[in-house]
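*Asks:* any chance you can model this:
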Amino acid sequence: MPDRPGVAARLFRQLADQGINIDMIVQNISAKGITDISFTVAKTDLAAASDTCVKVKDEIGATE
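*Replies:* Here you go, the predicted structure:
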């Protein structure tokens, strides 16, 4: 996703609005304005978290 202030917040706001609890977040060092971000959720939230990520992907400019 683009390494700009507020982009990750939009993703995590959507997840929070769905009641999905994020356990751990890891963000890699940015390269050419793009960064990788990983996070963990409970197995019971996996499907909802995945659906939410797919829905917000284009809005935040994520590639995967």
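*Asks:* okay, CA-based contacts and neighbour counts for the rest of this
*Replies:* Fine.
*Asks:* what about the residue most central in space within the chain, which SS state?
*Replies:* The C-alpha lying nearest the average C-alpha coordinate of the chain belongs to Leu11 (C-alpha atoms, centre = their mean; 4.5 Å). Secondary structure, DSSP: H, G, I helix; E, B strand; the rest coil: Leu11 is helix.
*Asks:* quick check: it touching Glu59?
*Replies:* No. The criterion here is C-alpha atoms under 8 Å, and Leu11 misses it with Glu59 at 9.2 Å.
*Asks:* and Ala48, how many residues sit next to it?
*Replies:* 16 (other C-alpha atoms under 10 Å).
*Asks:* got the buried residues for the helix or strand where it lies?
*Replies:* Per DSSP states H and E: Ala48 is located in helix 46-60. Across helix 46-60, burial judged by 16 or more other C-alpha atoms under 10 Å covers 48-49, 52-53, 56, 60.
*Asks:* show me which of the residues you listed is closest to Asn21.
*Replies:* Ala49 (9.3 Å; C-alpha to C-alpha).
*Asks:* now the residue of the chain most remote from its centre: how far from Arg4?
*Replies:* Distance from the centre of the chain peaks at Lys32, with 19.0 Å (C-alpha atoms, centre = their mean). Lys32 sits 11 Å away from Arg4, taking C-alpha to C-alpha, to the nearest Å as the criterion.
*Asks:* spit out the contact partners of the closest residue to Cys53 other than its chain neighbours.
*Replies:* Of all residues not flanking Cys53 in the chain, Leu11 sits nearest, at 7.2 Å (C-alpha to C-alpha, 6 or more residues apart in numbering). Listed by C-alpha atoms under 8 Å, 6 or more residues apart in numbering, the contact partners of Leu11 are 53, 56, 60.
*Asks:* can you add pLDDT and give these back as a markdown table?
*Replies:* Below are those laid out as a markdown table (pLDDT from 0 to 100):
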| residue | pLDDT |
| --- | --- |
| Cys53 | 94 |
| Val56 | 93 |
| Ile60 | 91 |
